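In: below is the structure, and that's it, no one-letter string:
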């Protein structure tokens with residue numbers, strides 16, 4: 001296997017990896033705050049809102065991401081009346097699907113982070129004369145994010161690998177170009193090269209979160 005061949009195969013795969021990275025950042029930037037809002041909604045004293053948020057989390061986490069992507073890409077346009085208004089670009093549809101899915105998982109992670117905070121923290125805040133907003137922003141949220149960070153890191157690494165599902169909805173990403181090279185050249189080497197690229201991306205993301213955890217640990 002010549003170096004020239006490897007370069008010729010890796011070059012389009014790196015172009016596809018740009019789509020992978022773009023999807024990752026869009027999904028992370030939107031789904032994390034959305035997940036936190038879902039956590040607050042699920043804990044709301046307004047029962048209809050709490051029930052709606054909890055149902056959303058339960059349904060999304062209980063169904064496969066691939067199925068959700070297929071519904072958004074191919075199912076929604078088939079709905080009567082509103083279907084024509086729900087036709088999205090494939091990449092946009094994929095972003096919507098990933099955001100919807102990962103927001104539910106992050107919501108559960110943040111819920112676990114809140115449960116990990118000792119109730120004495122709330123009592124101490126009351127003793128110090130802090131109102132609810134001050135208690136939440138100065139005491140509860142920093143601790144919650146510190147507790148939830150390892151799980152957020154794991155979920156983020158999983159998100160990188162799940163971007164391979166773009167292949168199933170015909171978005172030309174990393175795996176798409178690897179499969180094209182395999183079919184063209186009758187060799188599985190492109191699959192190994194794609195695996196290496198995914199591995200590099202996950203290692204980089206893991207190192208970033210490790211540094212973030214160390215920084216938060218010493219603050």
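Out: Yes, it's here. Here the structure is a predicted model, which means the values were calculated and not measured.

In: from the chain's centroid, how far away is the longest helix that the chain contains?
Out: Criterion DSSP state H: the longest helix present in the chain is helix 3-42. Centroid displacement of helix 3-42 relative to its chain, using C-alpha atoms, centre = their mean, to the nearest Å, is 9 Å.

In: helix or strand right after that helix?
Out: Remark: after helix 3-42, the chain's next helix or strand is helix 47-61, criterion DSSP states H and E.

In: list the buried residues in that next one.
Out: Buried positions in helix 47-61, judged by neighbour count with 16 or more other C-beta atoms under 10 Å: 53, 54, 56, 57, 60. Every residue, glycine included, has its C-beta placed from N, CA and C.

In: so which of those comes closest to residue 214?
Out: residue 57 (30.6 Å; C-beta to C-beta).

In: quick revisit: which of the buried residues of helix 47-61 sits closest to residue 109?
Out: The closest of those, once distances to residue 109 are taken by C-beta to C-beta, is residue 57, at 11.0 Å.

In: dump the residue contacts of the closest one.
Out: 38, 42, 104, 107, 108 (C-beta atoms under 8 Å, 6 or more residues apart in numbering).

In: who's in contact with the closest residue to residue 74 other than its chain neighbours?
Out: Distances taken as C-beta to C-beta, 6 or more residues apart in numbering put residue 169 closest to residue 74, at 7.9 Å, once the chain neighbours are dropped. Residues near residue 169 by C-beta under 8 Å, 6+ apart: 69, 70, 73, 74, 90, 93, 94.

In: give me the buried subset of those.
Out: 69, 70, 73, 90, 93, 94.

In: in CSV: the residues you listed, plus pLDDT.
Out: Listed next are the buried ones among the contacts of residue 169 as CSV, based on pLDDT from 0 to 100:
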residue, pLDDT
69, 94
70, 92
73, 89
90, 88
93, 92
94, 92
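
In: how about those in a markdown table, adding distance to residue 199 and secondary structure?
Out: A markdown table is the format used below for the buried ones among the contacts of residue 169 (distance: C-beta to C-beta, whole Å; DSSP: H, G, I helix; E, B strand; the rest coil):
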| residue | distance to residue 199 | secondary structure |
| --- | --- | --- |
| 69 | 24 | helix |
| 70 | 27 | helix |
| 73 | 28 | helix |
| 90 | 26 | helix |
| 93 | 28 | helix |
| 94 | 22 | helix |
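
In: wait, which of those is closest to residue 163?
Out: Checking the buried ones among the contacts of residue 169 one by one against residue 163 (C-beta to C-beta), the nearest turns out to be residue 94, at 8.6 Å.

In: separation between the closest one and residue 162?
Out: 10 Å (C-beta to C-beta, to the nearest Å).

In: over to residue 112?
Out: Relative to residue 162, and taking C-beta to C-beta, residue 112 is found at 21 Å.
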